[in-house]
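[1] Requesting a structural model of the entry that follows:
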Amino acid sequence: QAQLVEYGGGWVQPGGSLKLSCTASGSTVRPYSHSMGWFRQAPGKERKFIAQISRSGARTYYSDVAQGRFTISRDLANNTGYLQLNGLMPEDTAVYYCAISPRGGTVQLSAVDFDAWGQGTQVTVSS
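    Take a look at the predicted model:
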């Protein structure tokens, strides 16, 4: 069973930046063993896909709201993924979750494809 721990959420003013981190551990976690995704859930709304990176790190996918502002990356040696958030707006306020999937991630995955999730980290954008 894998465990994921997220870091890096907080409060930021509109236009600001944050970098979220997600470290995976557990007996099934190895370099190249999982693709990683980031999702977010705003109050009263459904959890939505933000970004995904393949097992190798070579392939990425972004939602329309993330494209051009957010960047997903990973450090394979340390089983850690990152989500750089730039140009944040109040509507980006949400709890951000990372998740991993044993699937390769060379095609865009659905939330059901991810079998381990972090606890979430709050991102609040306001002036």
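[2] My guess is Pro31 contacts Leu76. True?
    Yes: using Cβ atoms under 8 Å, Pro31 is in contact with Leu76, at 4.3 Å. Heads up, the C-betas are built off the backbone N, CA and C, glycines and all.
[3] what is in contact with those two at once?
    Counting by Cβ atoms under 8 Å, 6 or more residues apart in numbering, Pro31 and Leu76 have no common neighbour.
[4] For Ala116, name its beta-bridge partners.
    With DSSP bridges as the criterion, Ala116 is bridged to Ile100.
[5] Asn79: what's it in contact with?
    Taking Cβ under 8 Å, 6+ apart as the test, what Asn79 contacts is 23-25, 29-31.
[6] before we move on, what about Val5?
    22-23, 25, 118-119.
[7] Show the contacting residues for the spatially most central residue of the chain.
    The chain has Trp38 as the residue nearest its centroid, 2.4 Å off, counting by Cα atoms, centre = their mean. By Cβ under 8 Å, 6+ apart, the contact list for Trp38 reads 20, 22, 50-52, 72, 81, 83, 96-99.
[8] With Leu18 instead?
    Residues counted as contacts of Leu18 (Cβ under 8 Å, 6+ apart) are 8-10, 12, 84-85, 88, 123.
[9] Out of those, grab the one that's most surrounded.
    Leu85 (24 neighbours; other Cβ atoms under 10 Å).
[10] Verify the stated contact: it with Lys19.
    Yes: contact criterion Cβ under 8 Å: Leu85 and Lys19 qualify, at 7.1 Å.
[11] Now the residue nearest to Tyr7 when sequence neighbours are not counted: which helix or strand?
    The shortest distance from Tyr7 to any non-neighbouring residue, by Cβ to Cβ, 6 or more residues apart in numbering, is to Ser21 (4.5 Å). If you go by DSSP states H and E, Ser21 is part of strand 18-25.
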